[in-house]
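J.: let's see this in three dimensions:
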Amino acid sequence: MTGTNRERRDRIAADLVGRRRELDLVLAAVTAGRDILLEGPPGTGKSTVLRAITRNWDIPFVLVEGNAELTPSRLVGHHNPARVLREDYSEDNFVAGPLLEAMTTGGFLYIEELNRAPEDTLNVLLAAMAEREVAVPRVGTIAALPTFRVLASMNPFDNVGTARISDSVYDRWCRLAVGYQDAAEEADIVRVRTGATDDRLVTDAVAITRATRDHGELRRGSSVRGAIDTVALAVELDNLGTYDSHEQRVLDAALLALSARVAVDEAAEVGPEQVITEIWENHFFSSPGGQRRVRTA
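T.: From the prediction side, this is the model:
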């Protein structure tokens with residue numbers, strides 16, 4: 001990496017909290033002209049890293065949600081039906097989709113939840129990745145600018161409504177596994193996103209949120225977004241002046257922020273509120289050895 005590249009990397013890193021290794025790896029891939037698949041749970045900064053790169057490179061970031069409605073025509077584009085009736089098919093009445101938008105502007109096409117996209121859509125995408133051009137009927141062949149990249153994300157822990165990604169699809173990508181950041185970095189993220197200066201509140205919110213990720217009765221825990229919202233809500237509850245207890249304020253904020261972000265295991269006989277309350281009790285009132293902790297004012 002040249003000095004210029006290092007300086008660029010450092011400027012991008014200034015917009016991020018942590019993720020230095022992931023930034024280096026993603027930069028290496030896209031600078032080498034490769035497309036990359038980021039695999040990891042939601043809320044781990046995957047799109048944040050990519051947006052930071054595109055801002056620094058001054059190129060578009062085109063976001064697409066992978067789902068059953070992402071058909072080839074939605075991805076590539078379509079002719080305007082009303083104008084076709086009036087004028088017949090022409091290049092002028094073609095409406096470019098996100099794939100062609102990214103190709104013609106030299107941007108990053110980012111597909112969230114790639115494994116939710118239909119197989120025929122993936123086939124179109126793979127052809128564009130291989131050839132760096134797309135043949136559009138009645139329009140012609142659209143070639144990509146040199147900075148065009150295809151990037152995608154997948155959540156390996158959520159298989160509801162997803163399809164298995166074939167080996168031929170994986171073969172087209174460089175793959176990077178992205179996990180949760182450590183507690184200190186997540187606390188820094190919460191401070192940056194909320195502007196909170198109450199370190200006790202930030203630490204409590206991060207600890208409770210992180211505890212949801214390995215609770216035995218949850219099949220999915222919360223990302224750092226849960227801690228961000230817990231802190232933001234707790235600050236507003238404090239401003240209302242109706243809570244005498246820090247602990248109770250954190251509990252109500254956590255219930256509101258986390259209950260939709262966690263998923264209870266199908267075999268469990270509890271709801272998300274019960275699990276969050278249990279985590280809260282363990283955090284505030286139990287020592288690591290399981291003894292009740294003395295509450296302090």
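J.: do a quick rundown of the helices in this structure.
T.: Secondary structure of the chain by DSSP state H: the helices cover 3-13, 20-31, 46-57, 72-76, 81-87, 98-105, 119-131, 167-170, 183-194, 199-211, 224-240, 246-258, 272-285.
J.: only the buried residues of the first one, if you could.
T.: Applying a neighbour-count criterion of 16 or more other Cβ atoms under 10 Å, the buried positions in helix 3-13 are 8-9, 12-13. Heads up, the C-betas are built off the backbone N, CA and C, glycines and all.
J.: present those residues as a markdown table; the columns should include pLDDT.
T.: Listed next are those as a markdown table, based on pLDDT from 0 to 100:
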| residue | pLDDT |
| --- | --- |
| 8 | 80 |
| 9 | 84 |
| 12 | 85 |
| 13 | 85 |
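J.: residue 39 contacts residue 153, correct?
T.: Yes - look at residue 39 against residue 153 with Cβ atoms under 8 Å: they come within range, at 7.2 Å.
J.: can you add distance to residue 260 and give the buried residues of helix 3-13 back as JSON lines?
T.: Compiled in JSON lines, those are given as follows (distance: Cβ to Cβ, whole Å):
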{"residue": "8", "distance to residue 260": "38"}
{"residue": "9", "distance to residue 260": "36"}
{"residue": "12", "distance to residue 260": "32"}
{"residue": "13", "distance to residue 260": "32"}
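J.: what's the closest of these to residue 68?
T.: Minimum distance to residue 68 across the buried residues of helix 3-13 is 34.3 Å, recorded for residue 12 (Cβ to Cβ).
J.: pretty sure that closest one is touching residue 51, no?
T.: No - between residue 12 and residue 51 there is no contact under Cβ under 8 Å: 10.0 Å.
J.: name the residues contacting each of these two.
T.: Common contact partners of residue 12 and residue 51 (Cβ atoms under 8 Å, 6 or more residues apart in numbering): none.
J.: residue 183 is in contact with residue 213, correct?
T.: No - here residue 213 does not reach residue 183: they are 11.4 Å apart, not a contact under Cβ under 8 Å.
J.: quick check: closest non-adjacent residue to residue 234.
T.: Of all residues not flanking residue 234 in the chain, residue 253 sits nearest, at 3.9 Å (Cβ to Cβ, 6 or more residues apart in numbering).
J.: what sits against the residue lying closest to residue 220 once chain neighbours are set aside?
T.: Using Cβ to Cβ, 6+ apart and skipping residues adjacent in sequence, the residue nearest residue 220 is residue 263, 4.0 Å away. Applying Cβ under 8 Å, 6+ apart to residue 263 gives the contacts 218-220, 272.
J.: could you list which of these belong to strands?
T.: Applying DSSP state E to those, the entries found in strands are 218-220.
J.: circling back: hey, least reliable of the helices of the chain by pLDDT?
T.: Mean pLDDT is lowest for helix 81-87 out of the helices of the chain, coming in at a mean of 60.
J.: distance check, residue 72 against residue 118.
T.: The spacing between residue 72 and residue 118, counted by Cβ to Cβ, to the nearest Å, is 8 Å.
J.: then residue 274?
T.: Counting by Cβ to Cβ, the gap from residue 274 to residue 118 is 38 Å.
J.: and those two? which has more neighbours close in?
T.: The neighbour count for residue 274 versus residue 118, taken as other Cβ atoms under 10 Å, is higher for residue 118 (17 against 13).
J.: ok, that one touching residue 68?
T.: Yes - the pair residue 118 and residue 68 passes the contact test of Cβ under 8 Å, sitting 6.3 Å apart.
J.: need the contact list for the closest residue to residue 132 other than its chain neighbours.
T.: In this structure, residue 132 finds its nearest non-sequential neighbour in residue 144, 4.6 Å apart by Cβ to Cβ, 6+ apart. Residue 144 sits next to 102-104, 106, 128, 132-133 when contact means Cβ under 8 Å, 6+ apart.
J.: tabulate those residues (JSON lines), appending neighbour count and distance to residue 21.
T.: Converted to JSON lines, the contacts of residue 144 look like this (neighbours: other Cβ atoms under 10 Å; distance: Cβ to Cβ, whole Å):
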{"residue": "102", "neighbour count": "28", "distance to residue 21": "26"}
{"residue": "103", "neighbour count": "23", "distance to residue 21": "30"}
{"residue": "104", "neighbour count": "15", "distance to residue 21": "33"}
{"residue": "106", "neighbour count": "15", "distance to residue 21": "27"}
{"residue": "128", "neighbour count": "24", "distance to residue 21": "29"}
{"residue": "132", "neighbour count": "15", "distance to residue 21": "29"}
{"residue": "133", "neighbour count": "14", "distance to residue 21": "33"}
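J.: got TSV for those, with distance to residue 190 too?
T.: Formatted as TSV, the contacts of residue 144 follow (distance: Cβ to Cβ, whole Å):
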residue	distance to residue 190
102	32
103	37
104	39
106	35
128	39
132	41
133	44
